[in-house]
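# Any chance you can model this:
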Amino acid sequence: MSESVNLMQLQDIDLQLLKLASNLASMPQVQKIKNTQLAEKKIASQLKQVLGVKKDVEIDISDLNEQRAHYVQKQKRFLLL
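Predicted coordinates for the structure are as follows:
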C-alpha cells in the first residue's frame, strides 16, 4: 500500500473514533455514571464528616465520664465525713 492510502485509512479511523467518542459521550449511561461518581464522592465526604463528629462526641463522653467519676468520688468522701 502506498503512503497516501495508509494516510486515508488513518484519517478514516480517526473520524470513526471521533464519532464513536461523541456517541459514547452522549449516551445517558455515561451521565448516569458521572452522577453516581459525584454522589459517591459527596457521600464519602459526608461520611468523613460524620465520623469526625462521632469521634468528637466519643471524646466528650469519655471526658464527662471521667468528671462524673471524680465527682462521685468526692461525694463519697464528703458523705463519709
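# Who are the packing partners of the longest helix anywhere in the chain?
In the chain, taking DSSP state H as the definition, the longest helix is helix 28-80. Applying 3 or more CB pairs under 8 Å, 6 or more residues apart in numbering; DSSP states H and E, one finds that helix 28-80 contacts no other helix or strand. Yep, even glycine has a C-beta here, placed from its N, CA and C like the rest.
# pLDDT averaged over that helix - what is it?
The average pLDDT for helix 28-80 rounds to 95.
# where's it relative to the chain centroid, distance-wise?
In terms of CA atoms, centre = their mean, to the nearest Å, the centre of helix 28-80 is set 18 Å apart from its chain centre.
# going forward can the numbers begin at 284, since that is how I track them
Sure thing, new numbering starts at 284, so read that last one as helix 311-363.
# State the number of residues packed around residue 297.
By other CB atoms under 10 Å, the residues close to residue 297 number 10.
# Just want to check the distance between it and residue 306.
Taking CB to CB, to the nearest Å as the measure, residue 297 falls 15 Å from residue 306.
# And residue 318, by the same measure?
From residue 318 across to residue 306, the span is 19 Å (CB to CB).
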